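> Here is a sequence with its predicted model. Questions after.
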Protein chains: 2
Amino acid sequence: MTIEQQFFNEFRLMYRPFTNQLNKQLEQYQLYSSQWAVLRFLIDKGPHSLVEIANFMSIEKPSVTRLVQKLVELGYVETVAGKDKREKVVQLTPFGENIVQEVQEHLKPFLEKALAGVSKQDTEIASRVLANISKNIHQ
Amino acid sequence: MTIEQQFFNEFRLMYRPFTNQLNKQLEQYQLYSSQWAVLRFLIDKGPHSLVEIANFMSIEKPSVTRLVQKLVELGYVETVAGKDKREKVVQLTPFGENIVQEVQEHLKPFLEKALAGVSKQDTEIASRVLANISKNIHQ
DNA sequence: CATAATTAGTTAGCTAAGCTAACTAATTGA
DNA sequence: TCAATTAGTTAGCTTAGCTAACTAATTATG
């Protein structure tokens, strides 16, 4: 087995258990990891349209529509008119911003436990490797 | 954003595009990435029962039943009696072994392209980080 | 040793997290 | 001006799981 194969193997083996555990951590906020990813994007990069969210997350527009609909229902985000009459800009509500802060705090020990025994340097390297792959794969 | 958050962010952002592209690569063999993961396990670790496959992949037994059913249909694997009358041991057919070799070869350039610009050392580090997380997360 | 508990596997039906196709409404460009 | 493009939606499908409830076989216990 080549090192490339090894890497993608480990990647796949980690994905499901991690996402399951993350979803458990998010349950009390009525969030799934996919919805949380949208909130994370909004807090990190500010308000964005649905198409921009879709592009960033590499998912299709209808998927974003549903994620955002759910987050609106929960009162975590709201949509406002964009520069177009077509465009809808999604932004966090004040309540949503509080929730995001709270979730960040709540997740901290979980993420730290997941990375226990891994040095900052190695975490950074792994992070860069993943970003690099995204870049290589894109298009 | 902490480095831990950054890492898991990159992880999530990479997952879908990578899996989509991998599924495209596997299409000509009538395989999905989940089925390919089973074949990979069998070629690497030899014949195993359904429960053993489930444990290794961190998925539930019914999910394995379906994956294996499909692989049997394709003629890539067969099941033989285990030491028990209950146990079914899954093993590659000679045809399946050929296919796995062929797929490995076919995927090589794809995986190399995905990891282009990443050093062997960094790939290894990232690989170890992922394995470490799997270990930390496990139950 | 009989029966209770456990284990391997299956079936049925559900869910998360996407997808494509086809549409409307608004905008842009030839 | 009207054709093409773009933002967003709805409907319905798919992958890759899941849980609950079951059968058949095995193991442990009173």
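The structure has been received and is ready for your questions.

> What strand or helix carries residue A:85?
Taking DSSP states H and E as the definition, one finds residue A:85 inside no helix or strand.

> which ones are touching it?
Applying CB atoms under 8 Å, 6 or more residues apart in numbering or on different chains to residue A:85 gives no contacts. The way it works is simple: take the backbone N, C-alpha and C, and place the C-beta from them, glycine included.

> Look up phi and psi at it.
For residue A:85, the backbone dihedrals (degrees, to the nearest 10) come out as phi -80, psi -20.

> Would you map the strands across chain A?
Remark: strands assigned in chain A by DSSP state E are A:48-49, A:77-81, A:88-92.

> Which among those is found nearest to residue B:108?
Shortest distance between residue B:108 and the strands of chain A, using CB to CB, is found for strand A:48-49: 37.6 Å.

> Now do that closest one, average pLDDT.
Mean pLDDT, strand A:48-49: 98.

> Tell me which other helices or strands it touches.
strand A:88-92 (3 or more CB pairs under 8 Å, 6 or more residues apart in numbering or on different chains; DSSP states H and E).

> can you give me the mean pLDDT across the strand it packs on?
The model assigns strand A:88-92 a mean pLDDT of 98.

> Parallel or antiparallel, which strands does it pair with?
Here strand A:88-92 is paired, per DSSP bridges, with strand A:48-49 (antiparallel), strand A:77-81 (antiparallel).

> what comes into contact with the longest one?
The set of residues that contact strand A:77-81 without belonging to it, under CB under 8 Å, 6+ apart, is A:38-39, A:42, A:47, A:68, A:71-72, A:87-93, A:96.

> what's the residue of chain A found nearest DNA strand C in contact with, if anything?
Of all residues in chain A, residue A:32 sits closest to DNA strand C, at 2.8 Å by CB to the nearest atom of the strand. Contact analysis of residue A:32 by CB under 8 Å, 6+ apart lists A:23, A:26.

> Isn't residue A:111 up against residue B:4?
Yes - Residue A:111 lies in contact with residue B:4 (CB atoms under 8 Å); the separation is 4.2 Å.

> Thank you, goodbye.
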